[in-house]
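>>> Structure for the following, please:
(2 chains)
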2 protein chains.
Amino acid sequence: MPLLRSCIPSANDPDGPFPLNNLPYGVFSTEDGARRCGTAIGDSILDLTALEAAGLLTAAAQPVLGDDGWNDFMALGPDVWDGYRAKLQAMLAEGADADRLSPYLVPMPLTRMHMPFRVSEYTDFYASRHHAENVGTMFRGKENALPPNWLSIPIGYNGRASSVVVSGTPVRRPRGQVKGPEDDLPRFAPSARFDIELEMGAIVGIPSDGPVSVADADRMIFGYVLLNDWSARDIQAWEYQPLGPFQSKATATTISPWIVTRAALEPFRAPTPPRLRPLLPYLQEPGPMLYNVDLAVTLAPEGHDATTIIRTNYREMYYSAAQQLAHHTSCGCPMRTGDLLGSGTISGPEKGSRGSLLELSWGGTEPVQLDGGQTRTFLQDGDTLTLSGRAVGDGYVVGFGTCTGQVLPAE
Amino acid sequence: MPLLRSCIPSANDPDGPFPLNNLPYGVFSTEDGARRCGTAIGDSILDLTALEAAGLLTAAAQPVLGDDGWNDFMALGPDVWDGYRAKLQAMLAEGADADRLSPYLVPMPLTRMHMPFRVSEYTDFYASRHHAENVGTMFRGKENALPPNWLSIPIGYNGRASSVVVSGTPVRRPRGQVKGPEDDLPRFAPSARFDIELEMGAIVGIPSDGPVSVADADRMIFGYVLLNDWSARDIQAWEYQPLGPFQSKATATTISPWIVTRAALEPFRAPTPPRLRPLLPYLQEPGPMLYNVDLAVTLAPEGHDATTIIRTNYREMYYSAAQQLAHHTSCGCPMRTGDLLGSGTISGPEKGSRGSLLELSWGGTEPVQLDGGQTRTFLQDGDTLTLSGRAVGDGYVVGFGTCTGQVLPAE
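The predicted structure is shown next:
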């Protein structure tokens, strides 16, 4: 598919993140503070809540684009999603009446972004083989790097939806129980090994009440965001046996503000890598269900320029979001509109493609070099971390925007 | 505190679960199907939504007792909770005008109960020492029964709010990945070790945005319910390393329909047992924060009478709900109105006080004898499990009602 040309000139930049091919959904406000649903087009946001109120572009008989995100729209299902997207693309296509839209277009610099949807529940997975092997090698040795179940199950755990925040929200370094190998007893202290995890998040649009197939799970997914699963490694190391991570993962999870729809990502579908062990039938994919999305992370110490510390691709996952979602429903667990599934840290085979500082610094033993001379093993107060993602098409880009957060000192 | 006498004669039974001292909050419907908030008094339910609509008993300037539970009321905070309870007790006290209330009283047998609140998120703990020692002994041997962190941390994991159902909802035996010690590869099969866990659930009324003390955590709790955390032991055994239980715990969690308020439980406060290791200051309790509540579980095979298989007491917990909630917030995790905290399986020191079949049958090796000759290691299709709870006061009882569910065959 080529660049779809728009009547909004800035959307026709072949390197811009928000062409007519993309049309991601978000929630924004301007100086009056009122939250509205919008889509990014070129360097502007089209106010879809206002268009709905004016009767110029509607998704249903009743208004669904309120001030708290896209959940009501998502619940309407794929026919409505597709029809709405088609109308929106026609309205913004080259040759359409841009003057009619101008009252509804807001320059991005005048806006502030908010959570694009209400997170019903949040699940995080552990589904990149290179990440699992890296972490496993550090903790259990190379021979036992992958847990016995890893090649059969997209391992996941439930996270904390209340801790999901939108890009730009500062993240305060947590305190918690930590215990060093030499300590007799744990101490309650600020985390000294505070880290990031580069992930993608899949958003469930269509709810389910029983087990679903991988194909159906794929259709339930409304779209994707970038996701940074902030992680306190020292708190995690002491707490996680036997029931898994808890407080180490509940300080904050940052997502990018734009939901890039599954429709926009269709041209970028990519297969999961070859299986190292056959999957049970309920996890087998009928087609490619990953996406070719270039991902990067920068780290900027306070008052200094940013250094790119990670470059990887969403294709590096061993399990797709559709497989994860199908597994999630396998016991009968109901899924709901607004459920968020973190992919798990996305690490590639090379050192620079490892998706966390834990891996980049090999457990803190190999400091990461930043431009300007500083080094990092784990995060320091004042550091700003920024995830970005883009799917590169034939003469156009589908961008995810950025997912950023600054580390504040512990209270 | 003695029995508070009511103008509703059936509420003055010294052995009845719903005297004026109790006044638990639930959601019920009658034959018209409309859901309403109500309180249990004697053998009737007082329709509080109707009383609010009539202006006879209100909690706030706007109506808060809608058709989807007590969340809006809970969010109003303890002054409103206390004031409302005082007005309700006065309205139902001996000598009050019972005739005025009669249009709002519905006999319990004409009602059906629904979820008493919307569960925001669900967390489950592992905080009874006898339970942890029993399970640990089975899996790791007596010497390593308690994990190293257990005496320092109220270990918890996030569960799945979407799977919480009200008492009476049938529970379908899950399928999932299971792998026996002799199997080379896992199979996808119905769980053959489907189990119950006897727990209490604490409901967060007041939200929080940062770490809170144990004393503040106690005040955030609105009330308690009985909770059965259905667990597929064979799925759990294969999936839980390294990130904890996931699909094994997500089929269903059943709660009793009446929220017994913290106010009603005040006379039954009991201390946690002596510490085997000093707690960090943030977990230390300023006073008794458990409750003396007798708990029991019956099992009835389909078409047969029920046998009581467990008798224990909520006092057996090593950590209170207030300690669990304080720990839950320690990393800054926001808590919200409607969050549900499962105590963890409540096991006492004697064999008959173990809170799960896993423990009662010692991993399936010692079948449990039922009246009528049947035995059980784990649950069979058709079995009905019923939890009950009562706090016994001086001439009165505060009852929790029952928490029941029947096992349906796997699909």
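>>> Just give the nearest non-adjacent residue to A:S152, would you?
Nearest non-adjacent residue to A:S152, counting by CB to CB, 6 or more residues apart in numbering or on different chains: B:P186, 5.2 Å away. In this view, the C-beta of every residue, glycine as well, is placed from N, C-alpha and C.
>>> Please report how far the one you found lies from B:A263.
Going from B:P186 to B:A263 by CB to CB, to the nearest Å gives 49 Å.
>>> go on, A:N134?
Counting by CB to CB - A:N134 and B:A263 are separated by 52 Å.
>>> Who has more neighbours out of these two?
Comparing A:N134 with B:A263 by other CB atoms under 10 Å in any protein chain shown, the one with more neighbours is A:N134, at 23 against 18.
>>> show me the contacts for the closest residue in space to that one that isn't next to it in sequence.
Excluding its sequence neighbours, the residue lying closest to A:N134 (CB to CB, 6+ apart) is A:E359, at 4.5 Å. For A:E359, the contact set (CB atoms under 8 Å, 6 or more residues apart in numbering or on different chains) comprises A:H131, A:N134, A:V135, A:T345, A:S347.
>>> number of nearby residues for the last one?
Other residues near A:S347 number 27, with proximity taken as other CB under 10 Å.
>>> Next up, the contacts around it.
For A:S347, the contact set (CB under 8 Å, 6+ apart) comprises A:S128, A:H130, A:H131, A:N134, A:T312, A:E316, A:S353, A:R354, A:G355, A:S356, A:E359.
>>> who's sitting farthest from the centroid in chain A?
Distance from the C-alpha centroid of chain A, by CA atoms, centre = their mean, peaks at A:D184 (38.9 Å).
>>> so who does whichever residue of the stretch 151-300 of chain A sits closest to chain B touch?
Using CB to the nearest CB, the single residue of the stretch 151-300 of chain A nearest to chain B is A:G244, 2.4 Å away. If a contact means CB under 8 Å, 6+ apart, then A:G244 has A:Y157, B:Y157, B:Y240, B:P242, B:L243, B:G244, B:P245 as its contacts.
>>> which regions of chain A lie under the pLDDT threshold?
Chain A contains no residues with pLDDT under 70.
>>> Where do the helices of it begin and end?
With helices called from DSSP state H, chain A shows them at A:48-53, A:71-74, A:78-92, A:98-101, A:129-140, A:214-220, A:233-239, A:262-265, A:321-328, A:357-360.
>>> Make TSV from those and add distance to B:L290 to it.
Below are the helices of chain A laid out as TSV (distance: least, CB to CB, whole Å):
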stretch	distance to B:L290
helix A:48-53	49
helix A:71-74	39
helix A:78-92	50
helix A:98-101	62
helix A:129-140	36
helix A:214-220	42
helix A:233-239	23
helix A:262-265	49
helix A:321-328	35
helix A:357-360	38
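>>> which of those sits most buried?
Most buried of the helices of chain A, by mean neighbour count (mean count of other CB atoms under 10 Å in any protein chain shown): helix A:321-328, with a mean of 28.
>>> Run the chain-centre distance for it.
16 Å (CA atoms, centre = their mean, to the nearest Å).
>>> what's in contact with that helix?
So helix A:321-328 is contacted by A:123, A:125, A:127, A:153-154, A:156, A:200, A:202, A:204, A:211-218, A:220-221, A:224, A:272, A:282-283, A:285, A:289, A:335, A:341, A:343, B:247, B:250 (CB under 8 Å, 6+ apart).
>>> Tell me which of those fall in strands.
A:T123, A:F125, A:G156, A:M200, A:A202, A:V204, A:I221, A:Y224, A:L341 (DSSP state E).
>>> So what's the residue count around the first one?
This points to A:T123. A total of 25 residues lie near A:T123 under the criterion other CB under 10 Å.
>>> Same question for A:P2.
A:P2: 10 surrounding residues under other CB under 10 Å.
>>> List the beta-bridge partners for it.
A:P2 forms beta bridges with A:D394, as assigned by DSSP bridges.
>>> from memory it sits against A:P19, does it?
No - the pair A:P2 / A:P19 is not scored as a contact, 10.2 Å apart, by CB atoms under 8 Å.
>>> are any of the contacts of A:G244 buried, and which?
For the contacts of A:G244, a burial check counting by 16 or more other CB atoms under 10 Å in any protein chain shown picks out A:Y157, B:Y157, B:Y240, B:P242, B:L243, B:G244, B:P245.
>>> so who does the nearest residue to A:E302 once chain neighbours are set aside touch?
Of all residues not flanking A:E302 in the chain, A:G382 sits nearest, at 3.0 Å (CB to CB, 6+ apart). Each residue near A:G382 by CB under 8 Å, 6+ apart is listed here: A:P301, A:E302, A:G303, A:Q406, A:V407.
>>> which residues does the fourth one contact?
Shown in contact with A:Q406 (CB under 8 Å, 6+ apart): A:P170, A:V171, A:E302, A:G382, A:D383, A:T384, A:L385.
>>> now with 10 Å?
By CB atoms under 10 Å, 6 or more residues apart in numbering or on different chains, the contact set of A:Q406 is A:168-172, A:300, A:302, A:379, A:381-386.
>>> okay if I get the residues you listed as a markdown table plus distance to A:G401?
Output for those, formatted as a markdown table (distance: CB to CB, whole Å):
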| residue | distance to A:G401 |
| --- | --- |
| A:G168 | 11 |
| A:T169 | 14 |
| A:P170 | 18 |
| A:V171 | 18 |
| A:R172 | 23 |
| A:A300 | 17 |
| A:E302 | 23 |
| A:L379 | 22 |
| A:D381 | 25 |
| A:G382 | 23 |
| A:D383 | 20 |
| A:T384 | 15 |
| A:L385 | 15 |
| A:T386 | 10 |
